[in-house]
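*Asks:* Quick check, what structure comes out for this input:
(chains A and B)
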Amino acid sequence: MKTIRFYLAPLCLSSLIVALSACEFEGSNNLQGVPDQGLFIYLEANRHENGDVAQIAAAVFKDSEPLNAVGGDIFKASANTSEVLLTDAGYYAGSYYSSLPISDVDQDVTLTIVHEPVLAREDRWYPVDVINVDPGPGELVGNSATVTFPPPVIITTIQTATPYISISDSINLTWSEGGEGDTMRIRAATTCDNGLNVSTYGTEVALGDDDGIEAITINNFIFDTAEEFPAITFIANVGLGMLQQVLNDLSAGKADPDFFARQLPANPMVRSRGAPAPSSPSITHPVNNKKHADRQTTTSHIIPAAVSLRSECEQHASGC
Amino acid sequence: MQVDVNGSITFLDAGGNDDFESGRAISVFFDYNLKPWLALDAGLIVSDKAQDKIRTDIVGTYQASLGTRMLLLGIKPRYQFDGPFEIYGRTGLTYWRTEIEVEEYFNDVIPGGVATNSDKGYGYYLNFGALHNVTQQVSVQIELSYIQQLDVFEGKSNYPFDLTITGIGIGIGYRF
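*Replies:* Residues are numbered from 1 along each chain as shown, chains lettered A, B, ... in the order given. I've put the predicted structure just below:
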């Protein structure tokens, strides 16, 4: 019998792509935060730094229920020098999206509900300008909302190539706060190499207020393999077993055992049964890059009465 | 001289994201023999309204339908085999009148409606058929047709299109 040994290198190198973001509006459910009474527009503009387009998404609600803009009523997003109709229906009822060409001088994006009976039908095959059932402008036409991109988030302190040797270590992160009232998130892309395999995954951590400083422990980015994750371990083992059986069946039992040894994930997501856990992961943080990669703003706007603005900014600093 | 009457199943393609159901058409051709193998061909085709699929987009739920009438003028070469069989073709120009009707609905609050418009223009046709002479005067035939209507709504709309009509029909012919 051939003995197969599994090794996980005690040194786990990881590079992080750090992102700071702020948001107090959760857009994954378009009913969250929507008032029970009145008209409400949800508008989100997402722009990567130095990008020439912004992704615009919007929805309108009346008495907390999403409204479809029909009959030629349609959202129009505009910046200083460009405008676009939101002609694509979003995943959620009453939501629409499109891409808006934008430049560095554009700080604001304005959303207006307009009546465009021809342009709204442009995707149809027949001549919509001479054959058009136009019911005229609906009740939503004329309402508008404006969002302003927040100031860029600049990471001010994180040491280049700083080694971290314990999963309990903290990254002391500071940045130039500027979005008062914003809540911040940090996103990380982690690559872990155990010498046999490489795992890449992402994590996101809520930081709270945009106060410019946060100490974030490493275990927010690298899972502690000393901890047990029964569900993940179970699924991983079942999956590996199924793969092994399939390969054995296909090869008439001649599958190279070493092949299965190499199926060990580099972790830190899972630890194979019997495999030693890396006891002291070490992280080398990437070069501090103060340039902004992403920039995003989210604004909700109650019309025509009270107005509330929410903004989200997002920044990636990357390097290695 | 000969008169042909055909009933056809037609297939329309407006070149965009249209998806018509098959339609029906009836055609009448009058042929004046210039030579034993060549005739002057004149015809009339009338189709019923072929319906596009019911669709829903960000504006509303709608269905378009298209009907057309065509006058045709061209030539009809033919080849007579030994025996009762014959093959022939038709080709020439067509003058058409095409009408599009769109029925659209929005929601329970906004009333829907119907809009219609039509256009006229020119195109061409190219048919191919085979016939069996039942008697010296009467024949039965099967015919494939390809008709192109060019620039439909050109000059009236910013969204003109070319309409392609293909079809297969059967009919009878009468020589006199």
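*Asks:* out of everything not next to it in sequence, what's closest to the residue of the stretch 51-200 of chain A found nearest chain B?
*Replies:* Nearest residue of the stretch 51-200 of chain A to chain B: A:Trp125, at 3.0 Å (Cβ to the nearest Cβ). For glycine as for every other residue, the C-beta is placed from the backbone atoms N, C-alpha and C. In space, and not counting its chain neighbours, A:Trp125 is closest to B:Gly16: 3.0 Å by Cβ to Cβ, 6 or more residues apart in numbering or on different chains.
*Asks:* show me the contacts for the one you found.
*Replies:* A:124-126, B:161 (Cβ atoms under 8 Å, 6 or more residues apart in numbering or on different chains).
*Asks:* what's the farthest-apart pair in these?
*Replies:* Largest separation among these by Cβ to Cβ: A:Arg124 and B:Phe161, giving 10.9 Å.
*Asks:* Tell me the pLDDT of whatever residue of chain B ends up closest to chain A.
*Replies:* Nearest to chain A, among the residues of chain B, is B:Gly16, at 3.0 Å (Cβ to the nearest Cβ). If you check B:Gly16, the pLDDT there is 87.
*Asks:* ditto for A:Ser308
*Replies:* A:Ser308 is given a pLDDT of 24.
*Asks:* Which of the helices and strands in chain B ranks last by mean pLDDT?
*Replies:* The helix or strand of chain B with the poorest confidence is strand B:55-56; it has a mean of 92 (mean pLDDT, DSSP states H and E).
*Asks:* now for that one, which elements pack on it?
*Replies:* Contacts defined by 3 or more Cβ pairs under 8 Å, 6 or more residues apart in numbering or on different chains; DSSP states H and E place strand B:55-56 against strand B:61-80.
*Asks:* Which neighbouring elements make contact with the strand it packs on?
*Replies:* strand B:23-35, strand B:38-47, strand B:50-51, strand B:55-56, strand B:85-105, strand B:113-133, strand B:138-152, strand B:161-175.
*Asks:* in its sheet, what does the fourth one sit against?
*Replies:* It stands for strand B:55-56. Paired neighbours of strand B:55-56 in the sheet (DSSP bridges): strand B:61-80 (antiparallel).
*Asks:* got the buried residues for the partner strand?
*Replies:* By neighbour count with 16 or more other Cβ atoms under 10 Å in any protein chain shown, strand B:61-80 contains the buried residues B:62, B:64-70, B:72, B:74, B:76, B:78.
*Asks:* among the helices and strands packed on strand B:61-80, which gets the worst mean confidence?
*Replies:* strand B:55-56 (a mean of 92).
*Asks:* one step back: columns mean neighbour count on top of the helices and strands packed on strand B:61-80, output as a markdown table?
*Replies:* What follows is the helices and strands packed on strand B:61-80, written out as a markdown table (neighbours: other Cβ atoms under 10 Å in any protein chain shown):
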| stretch | mean neighbour count |
| --- | --- |
| strand B:23-35 | 17 |
| strand B:38-47 | 19 |
| strand B:50-51 | 20 |
| strand B:55-56 | 14 |
| strand B:85-105 | 19 |
| strand B:113-133 | 17 |
| strand B:138-152 | 18 |
| strand B:161-175 | 18 |
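*Asks:* Among the ones you listed, single out whichever gets nearest to A:Gly241.
*Replies:* strand B:55-56 (46.5 Å).
*Asks:* Quick one: distance of the closest one to the chain centre.
*Replies:* 26 Å (Cα atoms, centre = their mean, to the nearest Å).
*Asks:* neighbouring contacts of it?
*Replies:* Strand B:55-56 has contacts (Cβ under 8 Å, 6+ apart) with B:61-63.
*Asks:* wait, the residue of the stretch 51-200 of chain A closest to chain B sits on B:Asn17?
*Replies:* Yes: with contact defined as Cβ atoms under 8 Å, A:Trp125 reaches B:Asn17; the gap is 5.2 Å.
*Asks:* and the residue of the stretch 51-200 of chain A closest to chain B, how far is that from B:Asp13?
*Replies:* For A:Trp125, the distance to B:Asp13 equals 10 Å [Cβ to Cβ, to the nearest Å].
*Asks:* Looking at these two, which one has more neighbours?
*Replies:* Taking other Cβ atoms under 10 Å in any protein chain shown, A:Trp125 and B:Asp13 do not tie; A:Trp125 has more neighbours (19 against 15).
*Asks:* Would you enumerate the residues in contact with that one?
*Replies:* B:14-18, B:52, B:64, B:161 are the contacts of A:Trp125 under Cβ under 8 Å, 6+ apart.
*Asks:* How about B:Arg97?
*Replies:* Contacts of B:Arg97 (Cβ under 8 Å, 6+ apart): B:68-70, B:118-120.
*Asks:* If we use 6 Å, what do you get?
*Replies:* Residues in contact with B:Arg97 (Cβ atoms under 6 Å, 6 or more residues apart in numbering or on different chains) are B:69, B:120.
*Asks:* One more: B:Ser65?
*Replies:* B:49, B:51, B:101.
*Asks:* coming back round to it: quick check: strands, which of the contacts of B:Gly16 are part of them?
*Replies:* The strands, defined by DSSP state E, take in B:Phe161 from those.
*Asks:* Show me which residues of the stretch 1-150 of chain A sit near chain B.
*Replies:* Residues of the stretch 1-150 of chain A lying close to chain B (Cβ under 6 Å from any Cβ of the partner chain) are A:70-72, A:89, A:120-121, A:125-127, A:129-133, A:135.
*Asks:* And those residues, which two are furthest apart?
*Replies:* A:Ala89 and A:Val130 (25.4 Å).
*Asks:* show me where the stretch 51-200 of chain A has strands.
*Replies:* Assignment of strands within the stretch 51-200 of chain A using DSSP state E, counting those that start in this stretch yields the ranges A:53-62, A:65-67, A:73-78, A:83-85, A:88-89, A:95-101, A:108-115, A:144-148, A:155-157, A:163-164, A:170-175, A:183-193, A:198-209.
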